[in-house]
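Chemist: Please work out how this folds:
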Amino acid sequence: MADFVDAYYKASRDFSGVAGALESAGFVNDVQVSIDAALEALKKEAERRANVGVDYVKGNIAEVWHAETLKVSAVVKGNDDIWANAVGNNKTGQDVAYGNSTTASHAELKYYKTAEDSARQLGNPVYSDSQKIVPTDQLEGVIAESQKQAARNQDIRPEVAAAYQDTADTVSDRIEVDGITSKPLSEGDAKSIASDFKRDGEIDPDAYGLNTESFIEWSDIFRESGSAALNAAAFSAALTAAPHVYRIVAQYVQSGQLDARLIREGAGQVLASSSGAGLRGGLAAVITGSCKAGLMGQSLKGISPTAVGMATAMALNSIENSWRYAQGQISGKELAFNSSRDAVALTMGGGGAVLGQMIIPVPVLGALLGNLVGSTLGAVGVSYANNKVLGICIESGWTFWGLVDQSYVVPEEVLKEAGFDLFARQLFKPEQFNIARFNLPFFQKNSLSFTVVRRGVISFNTVGYM
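Modeler: Model prediction:
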């Protein structure tokens, strides 16, 4: 039972690596799903405009691009309050509708061949109430042309001058809501996307930055990893606290009093477990998120979150065990045993995670429960096998290839019982002067007795006389 309890507490801490990795992988997957939706929206718009030339379709493509990439950026930043749609109804100044739960705005896009042409189109006063969007490679030119036209029309057409000045002051190459922006698009890329769809019926998303590595930044990885660390720590704390709460309640029902010792013991173990779980979960989340997002290279995008979680927990456990060994808290054999036990437990935990997700097809939950059960059973199995090996070594004298010490030193108690005089410095005392007294000796017969010396485990992986 003690082996099971120890294995359970270790598993409740070590599973956090898998938990953090799965949560981070889920974040990247959500971003990818949003990107796929953007690609599908672009494809539908291109199909709808199949009979229109690319010089005209590029403007419609740009509308969908800014609406969809704004939504992708919102997913990346964890903001589900932002919405955007390419209206497509040709209403003046309403190419794209966007906003959050409390506000709604419209944007007007002009993707003409030159910055001068785009600026002149946006100089119409009817667009003054809309956010004006132009190709990113024309932005500076549009501002310069708008300022030029504002000065030119200042005296002869004040309303036109005001519209141009509004363009110069507010024009942008992206839509922005609450600090979250759409992805800028050049006139050339808009035309190229339209050409690709017309020619092939699809586009290469990587060629236009429609991939996770173009949207997700390191700050996003660290933000999500912090959240994963907190969640892992909370889940680990709950798992660790559950047995202690049960013992405290059972003790209270039996005695009618709360046991302060049990409360202190439980609180200490929960704090220790949750802090270690948070570290494992956060680190695994950073590694998984950066790899899955492509920030560490394309070759690592297919990495298994479960494998990362297991490897992270194993690495941190090895560091902890090595530190304890360096401090003299454990022996070399204990270090080797703990490392092998962790390897088996975490491997079985990984298999359990896969099986658990198949049995319980609830995102993350099935994998976490499977990992917890697998890790616990793996650690218990290693301890059980080790006990069986020690039993064989006791009977046979086998050292199990040097992993078990065979001690043949006879305990002092046995030597004393056999009649040997043992010198013990702590028992040496000077004799005191006493008056001699006459005592009658009593006759006692000697009796013959035997004591069987038994061998057993006297310390960690050490067999000797008990």
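
Chemist: ok, the nearest residue to Lys77 once chain neighbours are set aside - how many residues close by?
Modeler: Nearest non-adjacent residue to Lys77, counting by Cβ to Cβ, 6 or more residues apart in numbering: Ile180, 5.3 Å away. Any C-beta I mention is one placed from the backbone N, CA and C, and that applies to glycine too. Neighbour count of Ile180, defined by other Cβ atoms under 10 Å: 21.

Chemist: now do the one 3 residues further on
Modeler: Lys183 has 21 neighbours, counted by other Cβ under 10 Å.

Chemist: and it, backbone torsions?
Modeler: phi -90, psi 120 (degrees, to the nearest 10).

Chemist: now Asp405
Modeler: Residue torsions, per degrees, to the nearest 10, at Asp405 are phi -90, psi 140.

Chemist: again with Asp95
Modeler: phi -70, psi -40.

Chemist: can you pull the contacts of it?
Modeler: 63, 86-87, 106-109, 133 (Cβ atoms under 8 Å, 6 or more residues apart in numbering).

Chemist: quick one: average pLDDT of the helix with the most length in the chain?
Modeler: Longest helix in the chain by number of residues (criterion: DSSP state H): helix 2-48. The average pLDDT within helix 2-48 is 83.

Chemist: Next: stretch 227-244.
Modeler: 78.

Chemist: begin at 50 from here
Modeler: With 50 as the first residue, the last one maps to stretch 276-293.

Chemist: mind listing what's buried in it?
Modeler: Neighbour-count burial for stretch 276-293 flags 276-278, 280-282, 284-286, 288-290, 293 (criterion: 16 or more other Cβ atoms under 10 Å).

Chemist: now swap in stretch 217-225 and tell me
Modeler: For stretch 217-225, by 16+ other Cβ under 10 Å, it's 217, 220-224.

Chemist: now it: how far from the chain's centre is it?
Modeler: Once both centres are worked out by Cα atoms, centre = their mean, to the nearest Å, stretch 217-225 turns out to sit 37 Å from its chain's centre.

Chemist: Same question for stretch 396-405.
Modeler: In terms of Cα atoms, centre = their mean, the centre of stretch 396-405 is set 17 Å apart from its chain centre.

Chemist: Would you mind extracting the C-alpha trace of it into CSV?
Modeler: The C-alpha atoms that make up stretch 396-405 are tabulated as CSV, following Å, rounded to 0.1, in the frame of the first residue of the first chain:
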residue,chain,number,x,y,z
THR,A,396,6.6,5.4,-20.5
MET,A,397,3.5,3.6,-19.2
GLY,A,398,2.0,7.0,-18.5
GLY,A,399,2.4,7.9,-22.2
GLY,A,400,0.8,4.7,-23.3
GLY,A,401,-2.0,5.3,-20.7
ALA,A,402,-2.6,8.8,-22.1
VAL,A,403,-3.1,7.4,-25.6
LEU,A,404,-5.4,4.7,-24.4
GLY,A,405,-7.3,7.0,-22.1
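
Chemist: ok, back up a step: list the ones among the buried residues of stretch 276-293 that fall in helices.
Modeler: Checked against DSSP H, the buried residues of stretch 276-293 include these in helices: 276-278, 280-282, 284-286, 288-290, 293.

Chemist: Nearest to Gly338, out of these: which one, please.
Modeler: Using Cβ to Cβ, Ala277 comes nearest to Gly338 of those, at 8.4 Å.

Chemist: Just give me the closest of the ones in helices among the buried residues of stretch 276-293 to Thr261.
Modeler: Of all these, Thr261 sits closest to Ala277, with 17.1 Å by Cβ to Cβ.

Chemist: Verify the contact between that closest one and Leu332 for me.
Modeler: No - in this structure, Ala277 is not within contact of Leu332 by Cβ atoms under 8 Å, at 9.7 Å.

Chemist: who touches both of the two?
Modeler: Common neighbours of Ala277 and Leu332 are listed as Gly69 (criterion: Cβ under 8 Å, 6+ apart).

Chemist: do you know how far the residue nearest to Lys341 when sequence neighbours are not counted is from Thr219?
Modeler: Nearest non-adjacent residue to Lys341, counting by Cβ to Cβ, 6+ apart: Val77, 4.1 Å away. Between Val77 and Thr219 the distance is 35 Å, computed by Cβ to Cβ, to the nearest Å.

Chemist: before we move on, what about Asp454?
Modeler: As judged by Cβ to Cβ, Asp454 and Thr219 stand 81 Å apart.
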